[in-house]
Each structure stands twice: as C-alpha cells, then as structure tokens.
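*Asks:* What would the 3D arrangement of this be:
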Amino acid sequence: MTDPSQPLCVPVALGERSYDILIGAGVLGALARHLRTLSGTGRAFVISDETVWSLHGAALTAGLAADGLHSIPWLVPPGENSKSWDMLGRTLDHLLHHGAGRDDVIVAFGGGVVGDLSGLAAALLKRGMTLVQVPTTLLAQVDSSVGGKTAVNTRQGKNLIGAFYQPDLVLADTALLASLPERERRAGYAEIIKYGLIDDVDFLGWLESQGPAVLALDPDAVAEAVAVSCRAKARIVAADEREGGVRALLNLGHTFGHTLEAANQYGPALLHGEAVGTGMALALRYSVRLGLMPEAEARRGTALIGAAGLQTDLSRLAGGPYRAADLVDAMRQDKKVRAGRLPLILASGLGKAFIYQDADLNDVAAFLSEELQTR
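*Replies:* Numbers count the residues shown, from 1 in each chain. From the prediction side, this is the model:
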C-alpha cells in the first residue's frame with residue numbers, strides 16, 4: 001500500500017517534456033520550492049475558481065508569500081460553463097494585462113475545468129508558458145491534470161478547441177480532497193474505476209472491497225487509488241502522447257458521457273464524472289449487444305459503478321430530457337467520425353478494453369432508444 005504520509009513521485013516519461021506527479025497529503029507545501037526553480041520572475045499567475053479560492057486561496061497565497069513569491073490570482077465561476085471560448089479569451093486578456101511572459105508560471109489551482117482552461121491558456125500565450133497543475137478534486141488528481149490534454153467546449157460539443165500541452169509539474173495534495181462534497185467525490189471515483197475497466201482487473205477487485213474507503217477518503221485507500229490511477233495514465237500517455245493509438249482507451253465511457261453533458265448544456269445537473277459513469281455502463285452493455293463481452297462481466301462492472309452511487313441507467317439519469325436522436329447527432333460532431341461510423345472504446349471483458357473502429361451510429365441510436373426505456 002502507498003504510505004500517504006510520504007510524498008510519492010510518479011514520473012511521466014516524455015523525453016524533454018517529462019515531468020513528475022507528486023502525490024500525498026500536504027504536498028501543496030512544496031509548491032513554493034518548485035516555483036522558485038520554474039519562475040524567472042518570482043511571481044505566479046494562479047488560475048482558480050471562486051469556490052476553491054474561498055476554501056484554499058488564503059493558505060496558498062500566504063505559503064507563496066512566505067517564500068518571497070508574489071501570486072496574481074484570476075478567478076472563474078465554478079462549473080463546466082467556465083470551460084468556454086469566452087472565458088479563455090478573458091483569461092488571456094488578464095494574463096496579458098499583467099504582463100505575463102514565458103519566464104512566468106501559470107498555476108492551475110482547481111478541478112478539471114480550471115486545469116483545462118489554464119492548460120490551454122498556457123499553450124497559447126506567447127506560444128507557451130510554464131504550467132504547474134495543482135488539482136484539488138479527485139477527478140482532476142487521477143485524470144485531467146495528467147497527460148497534457150487541454151481544451152474548451154463549444155455549442156457544437158465538448159473539448160473541440162484544444163491542444164496537447166504538458167505541464168512541468170503536477171502536485172496532487174490528497175488532503176485538499178477533504179473539502180470536496182460527496183457528489184464530487186463520487187464523480188471523481190468514476191475515473192478511478194475506468195482504469196480498472198481498461199486493463200487492470202486486479203485493481204477492479206481491489207475497488208470492490210476498498211471502494212467505500214476511497215470514497216470516505218480513508219488516507220491509505222485514497223492515496224493508493226490516486227497512485228495506481230496516475231501510474232496507469234502515465235504509462236499510457238508515455239506510450240501514446242497524442243492519442244494516435246492506445247491513449248484512446250482512456251476515453252472509455254467518454255463518447256457517451258460527452259453527449260450527455262452536451263444535452264445538459266454542460267450545466268450543474270450532470271457532472272463530468274457522473275456522465276462518464278453512465279457512459280461506461282452504456283459502453284459495457286453496448287459491448288454485450290454486439291456480442292463482444294459476456295453479459296455476466298458487464299453486470300459485474302456495472303455493479304461496481306452503481307455501488308459508488310453513480311447512475312448506470314440512462315432512463316433514470318439526472319438532467320435531460322435525453323433523446324436518442326439528439327445524443328447521436330452530438331456524436332456526429334466528433335472529429336473521429338467517418339461516413340457515419342465512429343470509433344468507440346468497448347470491451348471484450350473486464351480489464352480488456354479495446355478500440356472498436358467502426359461503430360454504426362444508426363445502431364447506436366437504436367441501442368440508446370432501448371436504453372431510454374425504463375429498465
């Protein structure tokens with residue numbers, strides 16, 4: 001088991017773009033030391049959301065000031081709607097107004113929305129600024145802060161404007177998770193389950209027994225779950241940085257999930273992790289429909305998702321209303337669609353995810369119509 005009292009380092013091996021993920025309770029205290037080596041100006045442009053800043057902003061600012069570092073905060077409203085073209089423009093204007101340059105550092109201090117917005121701003125401003133990710137949610141610590149995928153949403157779909165831009169460091173302070181509402185913890189846990197479903201059936205077995213402890217933020221359990229997840233993502237990203245092959249497996253449940261988020265206009269009725277949880281259940285059942293996966297294994301995987309308090313039944317999912325035709329229309333916006341067919345991440349068994357290259361969207365529509373009937 002991981003010892004949460006000792007910071008753990010997970011390297012992401014990408015040659016000259018390599019960096020470390022530091023995991024543990026209290027690692028935020030090391031931020032100033034690292035910024036001193038990364039910033040040539042002695043200042044940090046901190047991008048956060050209003051909720052995170054109200055909880056942790058004073059401590060972060062004081063910690064940096066104690067080491068002689070000046071922080072310049074930029075706060076955005078919490079929620080997926082801040083991951084927009086408009087907010088990206090306002091963020092860039094703020095950075096330019098304060099004279100941000102390539103010898104400065106952007107610190108993304110928040111969840112996945114803040115991390116994506118900050119990462120894309122860092123990629124664009126003067127063709128690249130130093131970026132440090134300090135994820136404050138479970139979802140961001142195990143997924144979105146690692147790997148360099150940055151993007152904003154549009155009315156046409158999720159993450160359609162973005163760039164691959166790796167951070168220089170990730171600090172995942174598990175102590176910050178104590179301030180998360182239960183709903184946010186469950187949403188982040190969906191991404192942890194994902195790693196087991198992709199290629200680690202032993203981890204799935206561990207989650208079946210230890211999942212309640214992870215959700216309760218037991219120090220041993222949560223540190224282990226974050227570390228295993230980060231190792232899994234680091235391994236996949238190192239093998240395929242720009243999603244030309246195996247990295248696409250990290251999208252298990254996401255094609256379905258993104259369309260559900262779009263149906264809710266990225267509003268608060270459905271969190272990203274909640275959509276992914278339902279999306280993974282749909283992917284497992286669609287795999288069964290195509291004769292790819294034994295039904296008993298799909299039931300076991302779906303039960304693990306449901307045991308976390310995540311909705312596995314599309315007909316009962318919060319938000320909406322959901323219509324099969326609308327969901328598939330949103331899928332047609334996916335950049336990977338060719339001639340009415342879309343690659344989907346499906347599974348031949350638990351821990352055996354693969355890229356199904358030619359999903360027929362007409363059949364997907366029929367499947368979703370059946371799923372929208374009360375199960």
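*Asks:* Outline the domain layout of this protein.
*Replies:* Here the domain assignment for the chain is 8-179, 185-371, based on automatic domain parsing.
*Asks:* I'd like the ones you listed written out as a markdown table, with mean neighbour count and mean pLDDT added.
*Replies:* From N, CA and C alone the C-beta is placed, and that goes for glycine too. Conversion of the domains of the chain to a markdown table gives the following (neighbours: other CB atoms under 10 Å; pLDDT from 0 to 100):
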| stretch | mean neighbour count | mean pLDDT |
| --- | --- | --- |
| domain 8-179 | 20 | 96 |
| domain 185-371 | 19 | 95 |
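*Asks:* Tell me which other helices or strands the helix or strand hosting residue 57 touches.
*Replies:* Here residue 57, judged by DSSP states H and E, is contained in helix 50-66. Contacts defined by 3 or more CB pairs under 8 Å, 6 or more residues apart in numbering; DSSP states H and E place helix 50-66 against helix 31-38, strand 43-49, strand 70-76, strand 105-110.
*Asks:* how about TSV for those, with distance to residue 350 added?
*Replies:* Shown next, in TSV, are these (distance: least, CB to CB, whole Å):
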stretch	distance to residue 350
helix 31-38	38
strand 43-49	36
strand 70-76	38
strand 105-110	33
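*Asks:* Helices of the stretch 101-250 of the chain, start to end?
*Replies:* For the stretch 101-250 of the chain, helices defined by DSSP state H, counting those that start in this stretch occupy the ranges 112-124, 138-139, 182-199, 201-215, 219-239.
*Asks:* Relative to residue 356, which of those helices is closest?
*Replies:* Closest approach to residue 356 among these is made by helix 182-199 (13.8 Å; CB to CB).
*Asks:* Just give the closest residue to the most far-flung residue of the chain relative to its centre, not the sequence neighbours.
*Replies:* The C-alpha centroid of the chain is most remote from residue 68, which lies 32.2 Å away (CA atoms, centre = their mean). Setting aside the residues directly before and after it, residue 68 is nearest to residue 42 in space (CB to CB, 6 or more residues apart in numbering), at 6.6 Å.
*Asks:* for residue 178, same thing?
*Replies:* Setting aside the residues directly before and after it, residue 178 is nearest to residue 217 in space (CB to CB, 6+ apart), at 6.3 Å.
*Asks:* Can I get the helix holding residue 57 in PDB? Just the C-alpha atoms.
*Replies:* Presented in PDB, the C-alpha positions along helix 50-66 are these (Å, rounded to 0.1, in the frame of the first residue of the first chain):
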ATOM      1  CA  GLU A  50     -14.300  31.000  -6.800                       C
ATOM      2  CA  THR A  51     -15.200  28.000  -4.700                       C
ATOM      3  CA  VAL A  52     -11.700  26.600  -4.500                       C
ATOM      4  CA  TRP A  53     -10.200  30.000  -3.800                       C
ATOM      5  CA  SER A  54     -12.600  30.700  -0.900                       C
ATOM      6  CA  LEU A  55     -11.500  27.500   0.700                       C
ATOM      7  CA  HIS A  56      -7.800  27.400   0.000                       C
ATOM      8  CA  GLY A  57      -6.700  30.600  -1.600                       C
ATOM      9  CA  ALA A  58      -5.600  32.400   1.500                       C
ATOM     10  CA  ALA A  59      -3.400  29.400   2.500                       C
ATOM     11  CA  LEU A  60      -1.800  29.200  -1.000                       C
ATOM     12  CA  THR A  61      -1.200  32.900  -1.200                       C
ATOM     13  CA  ALA A  62       0.400  33.000   2.300                       C
ATOM     14  CA  GLY A  63       2.500  30.000   1.600                       C
ATOM     15  CA  LEU A  64       3.900  31.600  -1.600                       C
ATOM     16  CA  ALA A  65       4.400  34.900   0.100                       C
ATOM     17  CA  ALA A  66       6.400  33.300   2.900                       C
END
